[in-house]
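1. Coordinates only, no sequence provided:
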């Protein structure tokens, strides 16, 4: 009787297993469009968080950018570079510190070579039946400036809270590939109080 019951349960379990067509794939859904570029930058709104501590204005910018790279071109390239264009933003007027992949606290410098940047996530994706790699990069830029008094620091923060800037990103393969142009994208940069 035990064998019959065990056999019935096993048969029931096997019969109830079937594919529904909704199984997850190791690739994300294909994007639409023709001739997708071999290098693309996806951005969302970028945010600078601010506080005032005494007479010091502290600002933290957490960069969050996704690069979409053609897997064949990426395999043939020695490097990929990502650059931030702070010119034209209020952040250009401040010094910043950033921690490198190797633990060095650098002043007014970040490595733009993807080999030397901590990649938050990397996954394959199909676009028009062609394999691409999505690499998400996040890193912190810490800004700090001491003012003559706390009211000057608070006044500067108040001015920045009313401001919105445009931040420019550019990326390119190295050595330069004549078939793939440098790609550029912009993102809105807003200032918020922590």
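-> Thanks, I have the structure now. Bear in mind that the values here come from a model prediction, so they are computed numbers and not experimental data. Residues are numbered from 1 along each chain as shown.

2. in this protein, which spans are helices?
-> In the chain, helices defined by DSSP state H lie at 2-16, 71-76, 150-161, listed in chain order.

3. Check which residues of the shortest one are buried.
-> In other words, helix 71-76. Taking 16 or more other Cβ atoms under 10 Å as the neighbour-count basis, helix 71-76 is seen to contain the buried residues 73, 74. Using the backbone N, CA and C atoms, a C-beta is placed for each residue, glycine as well.

4. elements contacting that helix?
-> Packed against helix 71-76, as judged by 3 or more Cβ pairs under 8 Å, 6 or more residues apart in numbering; DSSP states H and E, are the following elements: strand 130-146.

5. What is the strand it packs on packed up against?
-> Contact partners of strand 130-146 among helices and strands, from 3+ Cβ pairs under 8 Å, 6+ apart: strand 56-70, helix 71-76, strand 96-99, strand 119-127, helix 150-161.

6. which ones are touching the residue most central in space within the chain?
-> When the chain is reduced to its mean C-alpha position, the closest residue under Cα atoms, centre = their mean turns out to be residue 65, at 2.4 Å. By Cβ atoms under 8 Å, 6 or more residues apart in numbering, the residues touching residue 65 are 41, 42, 43, 82, 136, 137, 138, 169, 187.

7. just residue 154 next, same as before
-> So residue 154 contacts residue 52 (Cβ under 8 Å, 6+ apart).

8. pLDDT score assigned to it?
-> According to the predicted model, the pLDDT of residue 154 comes to 98.

9. for the one 3 residues further on, same thing?
-> The confidence metric pLDDT takes the value 98 at residue 157.

10. likewise residue 69?
-> At residue 69, the predicted lDDT confidence score is 95.
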